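**Q** pasted the sequence and its predicted model underneath.
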Amino acid sequence: MSSLVFIFYLLIFCYTITRIKFFTKAGLNKETLIFLFCIKVFAGLLYAKYFLLPANYQGSDTFRFFRSSLVETDVLLKNPVLFFKELFTHQYTNSGNIFIANQSYWNDLKSNIIIKLLAIINVVTFKNYNAAIVFFNFLFLFGLVGFYKLMQDLVPTKKWLLIIGIFLIPSFLFWSSGIHKDGLIFSAIGIVFWLFHQGLQSRFTFKNIFLIIILLFLIFGLRNFIFFIVVINLTAWYLSHKTGKPKLVFAAIYFFGLMLFFASSNFSPKINFPKYIVIKHQEFSQLSGRSEFSTKELQPTLKSFIAYLPTALDIALLRPHSDEIKNKSYLLAFIENVLFGIFIFISFFHRKRNISIPVAFWVCWLFALSILIIEGYTITFLGAIVRYKSLAIPFIITPILALLDIEKLQKNLKRITHYKK
């Protein structure tokens with residue numbers, strides 16, 4: 001029965017995605033859409049299987065969400081008003097700090113959103129976890145296709161290059177296909193970027209603005225620091241479009257943002273962004289796990305943050321190191337890092353020279369780099385950095401792929417092959 005429910009919804013959604021205009025007008029044929037959707041569902045099943053392993057099950061969020069959702073489904077069926085009311089209420093004396101995990105409504109919200117969504121899906125899937133994977137990946141597909149449409153609209157290029165960068169990067173495919181926050185966050189960002197681009201190219205309609213605001217609230221609820229990075233980059237994007245001076249605008253916005261970041265405690269004792277980063281770093285350091293690594297002490301001062309920057313970049317960009325490979329998952333992450341390094345190096349010499357780099361590409365790169373640096377300052381576990389880093393990878397790799405001069409690369413490869421012969 002469980003398998004039949006899964007197959008039923010897989011077939012239903014395979015048909016559905018070929019009928020929705022948002023998907024069909026993306027320039028991807030029906031067969032490709034179904035293939036990419038099924039690949040994601042399969043990755044979601046692998047994700048579930050990985051966390052069903054005895055060594056991973058106990059600490060897995062995905063099955064914790066599912067177990068909690070079973071109770072919430074019963075609440076939904078018996079008292080739907082209470083079910084939705086609970087999403088906006090808490091049992092603490094106050095709502096707590098949005099940046100600190102301890103006794104905070106805002107920290108609980110990121111899990112509650114997934115649990116409530118799962119609970120609703122459980123009603124029609126008869127509490128079938130695998131069928132819920134199909135539902136979640138249907139939602140994830142909107143952001144992926146939105147981001148694909150954005151890239152294709154900015155620099156028309158070979159479709160398979162964009163498909164690789166957005167849909168098929170191994171780490172991103174794995175971590176963003178399971179029942180968790182990552183896929184929803186990327187989907188929300190992908191749609192926001194696409195809607196914002198549409199607004200800049202024509203005009204911002206009430207519908208687009210409303211959808212952008214709703215999705216920004218969703219991002220805030222799921223991972224609030226990403227919300228602030230998105231808003232900063234959207235602001236820079238808008239001002240760059242209006243002034244025609246993207247380099248000056250991005251430099252000014254990021255410089256001003258860093259000034260506010262380190263001066264935040266001067267405006268109010270309750271606002272101290274460097275301190276929140278340090279607290280998050282300490283929260284990670286106090287956890288126990290198999291992939292923990294030691295780091296130098298971080299203090300909420302400009303001097304300490306500058307001194308820690310090389311460590312943060314190492315964690316965000318280079319971890320895991322070759323001597324830290326303890327299992328196959330870290331080996332795959334290490335290989336992926338090496339391949340990305342080689343690819344980025346090669347791309348410097350094979351970029352299309354007849355086009356300027358779109359502002360949206362700078363948005364993607366700076367957005368991704370901002371996420372990675374913050375994660376480098378806070379995370380002290382290899383497993384966590386591998387997962388969190390995956391969200392940023394498509395925003396780095398896909399614009400590079402869009403700018404890649406394939407013909408030039410093929411010619412150089414032929415020359416190298418001919419020389420060796």
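**A** Everything's here; your move. Numbering: from 1, shown residues only.
**Q** for the stretch 201-350 of the chain, what spans make up the helices?
**A** 206-222, 224-243, 246-267, 273-286, 302-313, 328-347 (DSSP state H, counting those that start in this stretch).
**Q** find the centremost residue of this protein, please.
**A** Nearest to the geometric centre of the chain sits L391, at 3.2 Å (CA atoms, centre = their mean).
**Q** just the element for that one, please.
**A** helix 382-402 (DSSP states H and E).
**Q** what's the longest helix in this protein?
**A** Scanning the chain for the helix with the most residues, using DSSP state H, yields helix 129-154.
**Q** show residues contacting the helix or strand that that one is followed by.
**A** Toward the C-terminus, helix 129-154 is succeeded by helix 159-167 as the next helix or strand (DSSP H and E). Applying CB atoms under 8 Å, 6 or more residues apart in numbering, the contact partners of helix 159-167 are 27-28, 32, 36, 39-40, 144, 147-148, 151-152, 173, 394, 397-398, 400-402, 404, 406. Using the backbone N, CA and C atoms, a C-beta is placed for each residue, glycine as well.
**Q** before we move on, the earlier item: what's the closest of the helices of the stretch 201-350 of the chain to L45?
**A** helix 328-347 (16.6 Å; CB to CB).
**Q** which secondary structure elements does the helix or strand just after the closest one sit against?
**A** As assigned by DSSP H and E, the chain's next helix or strand after helix 328-347 is helix 359-378. Counting contacts by 3 or more CB pairs under 8 Å, 6 or more residues apart in numbering; DSSP states H and E, helix 359-378 packs against helix 129-154, helix 181-201, helix 224-243, helix 246-267, helix 273-286, helix 302-313, helix 382-402.
**Q** output the below-cut-off pLDDT ranges for the stretch 51-200 of the chain.
**A** Scanning the stretch 51-200 of the chain for pLDDT under 70 picks out 101.
**Q** quick one on the thing from earlier: mind giving me the ChimeraX command for buried ones among the contacts of helix 159-167?
**A** Here is the ChimeraX command that selects the buried residues among the contacts of helix 159-167 (16 or more other CB atoms under 10 Å):
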select :28,36,40,144,147,148,151,152,173,394,397,398,400,401,402,404
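**Q** sorry, back to before: report the buried residues of the longest helix of the chain.
**A** 129-138, 140-152, 154.
**Q** what's the local residue count around G376?
**A** 24 (other CB atoms under 10 Å).
**Q** surely it and L313 touch.
**A** Yes: with contact defined as CB atoms under 8 Å, G376 reaches L313; the gap is 6.0 Å.
**Q** quick one, helices of the stretch 1-150 of the chain?
**A** 2-16, 21-24, 30-52, 54-57, 61-78, 80-85, 105-125, 129-154.
**Q** tilt between the fifth one and helix 129-154?
**A** So the one you mean is helix 61-78. 110 degrees (axes from the mean of the first three to the mean of the last three CA atoms, to 10 degrees).
**Q** ok and helix 61-78 relative to helix 181-201, angle-wise?
**A** Using the same axes, to 10 degrees, helix 61-78 lies at 80 degrees relative to helix 181-201.
**Q** over to the third one?
**A** Following the same axes, to 10 degrees, one obtains 150 degrees for the angle between helix 30-52 and helix 181-201.
**Q** and the first one, by the same measure?
**A** For helix 2-16 and helix 181-201, the angle between their directions (the same axes, to 10 degrees) works out to 10 degrees.
**Q** could you pull out the buried residues of helix 2-16?
**A** V5, F6, Y9, L10, F13, C14.
**Q** tell me how the chain divides into domains.
**A** Split into domains by automatic domain parsing, the chain comes to 1-222, 223-421.
**Q** returning to what we had before: with distance to S322 added, can I get the helices of the stretch 1-150 of the chain in a markdown table?
**A** As requested, the helices of the stretch 1-150 of the chain are exported to a markdown table (distance: least, CB to CB, whole Å):
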| stretch | distance to S322 |
| --- | --- |
| helix 2-16 | 39 |
| helix 21-24 | 41 |
| helix 30-52 | 23 |
| helix 54-57 | 23 |
| helix 61-78 | 29 |
| helix 80-85 | 49 |
| helix 105-125 | 34 |
| helix 129-154 | 32 |
